[in-house]
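Colleague: give me the fold of what follows.
(one chain, ligands or ions: 1)
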Amino acid sequence: MVTKGVERRIADLRRRIEAANHRYYVLDDPDLPDAEWDALLRELQQLETAHPELVSANSPTQRVGNRPSAKFASVTHAVPMLSLANAFSDEEVGEFVARIARETGDADPAFSVEPKLDGLAISLRYERGEFVRGATRGDGATGEDVSANLRTVKSIPLTLQGDARAASMPDVLEVRGEVILPKAAFEKYNAWALANGHKTLANPRNGAAGSLRQLDPKISAQRPLAFFAYALGEIEGAILPPTHSQTLQWLRSLGFPVSPEVGVARGLQGLLDYYRRIGDKRDALPYDIDGVVYKLDRFDQQRAMGFVSRAPRWAIAHKFPAQEAGTVVESIEVNVGRTGAVTPWVLMKPVHVGGVTVTRATLHNADQVARLDVRAGDTVIVRRAGDVIPEVVRVVEGERPLDRKGHPVHPPYVLPTACPVCGSAIEREEGEVIARCSGGLFCPAQRVQAIFHFASRRAMDIEGLGERFAEALVDFDYVRTVADLYTLTVDDFVVMKRRADERDGTIPETVKAGKIATRWAENLVAGIDGSRDTTLERLLFALGIRDVGESTAKTLARHFGALDPLMAADEDALKQVPDVGPVVAAHIAHFFAQPHNREVIAALRERGVRWPEGAPKRSSEGPLAGKTVVLTGGLAAMSRDEAGDRLEALGAKVSGSVSKKTGIVIAGEAAGSKLAKAQELGVEIWDEAALLAFLERHPASE
Ligand code: IVH
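Modeller: The predicted model follows:
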C-alpha cells in the first residue's frame, strides 16, 4: 500500500537531489553539504527499496554521476566506473564484514584498506606503456576526455616504467584513481582569488573538478593537482597478481603514485582500528579525505561477491563525520577577550558537524564579516575540523529571508562601535585586523578574562578557579586586580557563590536543604596560597601582557633573570631579546610603564607571591645558540616539553612551526606534516637517537 505521503516525499527528494546535482556537477558551485546530500539520497533509496513500484528510470538513484558537458569529447569506458556503498557507523561495517564472511565461506578474509580521497575519479588509458587518454568518470558509462589537462598533472606518468616490449608490459592498461587539489594549493589559490576579486573555491574537490574541466590546460596547470591510483579498468595482455593489494604494489612499480596510507587489515576490529588511525591523521594529511575504503583483497573472492546496482558488494566506504554542515543563524554577537579583542561570532540552530553538536561559530573579525556578508536568518555552512573552533565558511546564496518586496529582511551586520560589556569605544588600529575595546582593565570582560588567564594551568596554576568563578568575583566586586585574589578568604568564596547561585537560579539541592559545603572553598584558598611560590616566567605569562605568550615569557625571564631589570628596560633594551621585535617591545614597555600595572606587581609581592631570581642568561651561549629547533612526533625517552627545556638550556630556541629559518627538526614517532615540510625545505632532521646522543654529549651546565 502506497500512501500519498510517501509519493510526495519521493518526488520532493528527487527534486531536491537533482537541483543539488545541477549546482554541483554542472555549475561547479554546490550549495548543499555532502552529508545532507548523502542523507537525502539514502532516504530516497530506502523509500524506493520499500516501494519498488515507485522506482523510475529518471530517479537520481539510477545514475552514478553527472552527464558530461558539451565542452569535451566523450569517452565510453570499456569497463564502467563504479561507485561505492557507504557505511556511516561501526555497525554497518560489522554487517559488511559478516556478509562477506558468510558468502565467501572465509571466516577471516583480508581487506585492502585505503583512504577515501576527496577529489575527482578519473581513468587513465595506456597502450604498450604510453599514456593515450584520460577521462572523467561522468555518469560511470561515459565520461569526458580531459587528456590535455591530465598531462599537466605531474604525478601522472606519461610513459610507464619498464620495457614496453617486455612480457610484463600490458597491451592495454586502464588505471583508475583520484585527482585531488592539495590543501596548501587550495588555500593559496583562495588567498589569491580573494586578493584579486575572483570567486573562491568552496572546497579542494571543487578546485580539482574546476581545474580538470578547464578548457585551457594552461590554467589547469597553474593549480597543482595530485593523483593517486586505487583501481584498474580495462586490461589486456597482462597477468594480474591474485590480490588487490599486490596490484597496487605492481602499479607503484609501473610508476603510479599510490597513497602511502594503504594497507591490509583483517576482521572488524582491524578495519575499525584503521578507520580511527586515519581519522586521527586526517587534519595532518596534505589533502582532504572523507573516509576510508575497505576492499576485499582476493580477486577470486571479489568475483564471488559480485555487484549490485553499479556498486561492488566486495567494497564499502566508511565515511568520517562531515566537517561541514548547513544551519541557520539566529543572531550575531561579539565576544570581548582578555586583551580587549572583539571577536564576532554567530549563534545558530544546533548542528552536528565534525562529530559534535555546535551552536556557535566564529566569524574571526570585521573583515571576514564583510567578506561573507552574514546576516541573521541566513543559512550558512559551518566547518569544524579536528579541535579547531567551528567557523562560518560561507552563506548559502538564495536562502536569505526576504520581505514581501524581495528585499533582505536584515541589513548587513556592522560591528558595534561601543563595547557591549563596558560601553568604552571599540577601536581598530591602522593596519590591524582585530578591533579592540579600549576600556582595558576598566572593562569587566577583560578583567574576568585577565583573572581567568592568571589562574590558568600554564600561568599561576590555581586549580578550581574557572571562568564562572572569575566572572562572579568581578561581578560582585571581590577582585579588581589579580593581586586581590591573594586577599580572599573561605568565607568570601562561600558568600560569593551563594550570591552567584541566587542570581543565576542555580541553588543546589543540598544548599536548599540547609547544608553549606565549604570544602571546595578551602581547596580553592589553598590553591591560591600554593600559587604564591612560582617562577618568573609563569608570572610574566600570567600578567597577560599583550603578545607575551609562554615562549616569550620564558625568553624574557632567562634574558633578564629578575623582574626589576625587565621593568626598567626601555624599548631598545627589549629589542635586544631574541625574538622580541619592535611591536612586542613596545607592548612590554607600555605595560610596565602603566602605574596601575606597577601597583599590581607591588601588591602581588606584598601579598607573598615570590619567585627565584638569578643572573641573566643570554641565549647567545651554549652549543645550540642561535638555532631554532622544532620538535614533532612522540618521543619515547621523555616528553616533548622536557626535551624542549633541555634544548633551550643549551641555547636553542624551540619553535612550533617549520620554516626556512628552522635549524633542526627533531622527528619522533609518527611525525606528520612538519617532518614532510622539513624534508621539502631541506632542513636538518634528527631522530630520537640523534637527540639523545647530542644531549649526552652536552650535559646542561646548570
Ligand atoms: S574504488 C569499484 N578507492 O569514491 C570501486 N574509490 O564513492 C571503485 N574514491 O568514484 C572506486 N578514494 O571517486 C575507490 N581508495 C579509493 C577511493 C575511491 C576515493 C572515490 C572515487 C569513487 C567514489 C565512490
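
Colleague: get me the contact residues on this protein for the ligand.
Modeller: Taking CB under 6 Å from any ligand atom as the contact definition, the chain meets the ligand at 82-84, 114, 116-117, 121, 137, 178, 230-231, 293, 312, 315, 317. Using the backbone N, CA and C atoms, a C-beta is placed for each residue, glycine as well.

Colleague: recalculate using a threshold of 5 Å.
Modeller: Leu82, Ser83, Leu84, Glu114, Lys116, Leu117, Ala121, Glu178, Tyr230, Ala231, Val293, Pro312 (CB under 5 Å from any ligand atom).

Colleague: residues in contact with stretch 654-661?
Modeller: Contact partners of stretch 654-661, identified using CB atoms under 8 Å, 6 or more residues apart in numbering, comprise 551, 628-632, 644, 647-648, 662, 665, 674, 677-678, 681, 683.

Colleague: between the residues of the chain next to the ligand, which is nearest Ala141?
Modeller: Checking the residues of the chain next to the ligand against Ala141 by CB to CB gives Leu82 as the nearest, at 10.5 Å.

Colleague: surely the closest one meets Phe307?
Modeller: Yes: contact criterion CB atoms under 8 Å: Leu82 and Phe307 qualify, at 7.3 Å.

Colleague: these two: which has the busier surroundings?
Modeller: Taking neighbours as other CB atoms under 10 Å, Leu82 and Phe307 compare with Leu82 leading, 17 against 12.

Colleague: so the more buried one is in which element?
Modeller: Assigned by DSSP states H and E, Leu82 falls within no helix or strand.

Colleague: quick check: it vs Val93, distance?
Modeller: 19 Å (CB to CB, to the nearest Å).

Colleague: same question, Gly129
Modeller: Using CB to CB, Gly129 is found at 39 Å from Val93.

Colleague: for the strand or helix carrying Asp564, packing partners?
Modeller: Here Asp564, judged by DSSP H and E, is contained in helix 563-568. Helices and strands touching helix 563-568, by 3 or more CB pairs under 8 Å, 6 or more residues apart in numbering; DSSP states H and E, are helix 536-542, helix 582-593, helix 595-606.

Colleague: average pLDDT for the helix or strand following it, rounded please.
Modeller: Using DSSP H and E, the helix or strand that follows helix 563-568 in sequence is helix 571-575. Averaging pLDDT along helix 571-575 gives 94.

Colleague: which secondary structure elements does helix 571-575 contact?
Modeller: helix 582-593.

Colleague: the helix it packs on vs helix 595-606, what angle?
Modeller: Relative orientation of helix 582-593 versus helix 595-606 (axes from the mean of the first three to the mean of the last three CA atoms, to 10 degrees): 70 degrees.

Colleague: buried ones in helix 582-593, by neighbour count?
Modeller: Val584, Ala585, Ala586, His587, Ile588, Ala589, Phe591, Phe592 (16 or more other CB atoms under 10 Å).

Colleague: from the contact counts, what lies against it?
Modeller: helix 563-568, helix 571-575.

Colleague: name the SS class of the spatially closest residue to Ile289 that is not a sequence neighbour, please.
Modeller: Once flanking residues are discounted, Ile289 sits nearest to Pro115: 4.5 Å by CB to CB, 6 or more residues apart in numbering. Under DSSP: H, G, I helix; E, B strand; the rest coil, Pro115 falls in the strand class.

Colleague: repeat for Val392
Modeller: strand.

Colleague: show me the contacts for the residue in the stretch 251-400 of the chain that the ligand sits nearest to.
Modeller: Per CB to the nearest ligand atom, Val293 is where the stretch 251-400 of the chain lies closest to the ligand, at 4.3 Å. Contacts for Val293 (CB under 8 Å, 6+ apart) come out as Leu84, Val113, Glu114, Pro115, Lys116, Tyr230, Ala315, Ile316, Ala317, His318.

Colleague: now pLDDT and neighbour count too, for these, in JSON lines please.
Modeller: Shown next, in JSON lines, are those (pLDDT from 0 to 100; neighbours: other CB atoms under 10 Å):
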{"residue": "Leu84", "pLDDT": "95", "neighbour count": "18"}
{"residue": "Val113", "pLDDT": "98", "neighbour count": "25"}
{"residue": "Glu114", "pLDDT": "98", "neighbour count": "27"}
{"residue": "Pro115", "pLDDT": "98", "neighbour count": "24"}
{"residue": "Lys116", "pLDDT": "97", "neighbour count": "20"}
{"residue": "Tyr230", "pLDDT": "97", "neighbour count": "24"}
{"residue": "Ala315", "pLDDT": "98", "neighbour count": "22"}
{"residue": "Ile316", "pLDDT": "98", "neighbour count": "27"}
{"residue": "Ala317", "pLDDT": "97", "neighbour count": "19"}
{"residue": "His318", "pLDDT": "97", "neighbour count": "25"}
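
Colleague: pick out the residue of the stretch 101-250 of the chain closest to the ligand.
Modeller: Ala121 (3.3 Å).

Colleague: who's that residue bridged to?
Modeller: Taking DSSP bridges, one obtains Glu178 as the residues bridged to Ala121.

Colleague: where does the residue of the stretch 251-400 of the chain closest to the ligand sit: helix, strand or coil?
Modeller: Classified using three-state DSSP, Val293 is strand.

Colleague: any idea how far it lies from Leu82?
Modeller: 12 Å.

Colleague: what touches both of the two?
Modeller: With CB under 8 Å, 6+ apart, Val293 and Leu82 have no common neighbours.

Colleague: residue ranges with poor pLDDT in the stretch 401-550 of the chain?
Modeller: Applying pLDDT under 70 to the stretch 401-550 of the chain flags no residue at all.

Colleague: all helices for it, in order.
Modeller: Under the criterion DSSP state H, counting those that start in this stretch, helices of the stretch 401-550 of the chain are mapped to 444-455, 467-475, 490-504, 509-512, 519-530, 536-542, 550-560.

Colleague: where does the stretch 501-650 of the chain get nearest to the ligand, residue-wise?
Modeller: For the stretch 501-650 of the chain, CB to the nearest ligand atom, closest residue to the ligand: Gly633, 25.8 Å.

Colleague: how many neighbours does that residue have?
Modeller: Counted by other CB under 10 Å, the residues lying close to Gly633 total 17.

Colleague: that one contacts Ala671, doesn't it?
Modeller: Yes: between Gly633 and Ala671 a contact is recorded at 3.2 Å, counting by CB under 8 Å.

Colleague: quick check: closest non-adjacent residue to Gly270.
Modeller: Per CB to CB, 6+ apart, closest to Gly270 is Phe111, 7.6 Å.

Colleague: got a pLDDT number for the one you found?
Modeller: On the pLDDT scale, Phe111 gets 98.

Colleague: re earlier: name the residues that touch the helix holding Asp564?
Modeller: Leu536, Leu539, Leu540, Leu556, Phe560, Ile588, Phe592, Arg598, Ile601, Trp611, Glu613, Pro616.

Colleague: related to what we said a few turns ago, helix or strand: which one has the residue nearest to Gly270?
Modeller: strand 110-117.

Colleague: ok, Phe299 to Arg266 distance?
Modeller: Taking CB to CB, one finds Phe299 at 17 Å from Arg266.

Colleague: check Gly134 too.
Modeller: 35 Å.

Colleague: the two: which is more packed in?
Modeller: Gly134 (27 against 14).

Colleague: dead centre of the protein: give me the residue that sits there.
Modeller: In the chain, the residue lying closest to the centroid (CA atoms, centre = their mean) is Ala385, at 3.4 Å.

Colleague: strands of the stretch 101-250 of the chain, start to end?
Modeller: Applying DSSP state E, counting those that start in this stretch to the stretch 101-250 of the chain gives strands spanning 110-117, 120-127, 130-136, 142-144, 172-180, 226-236.
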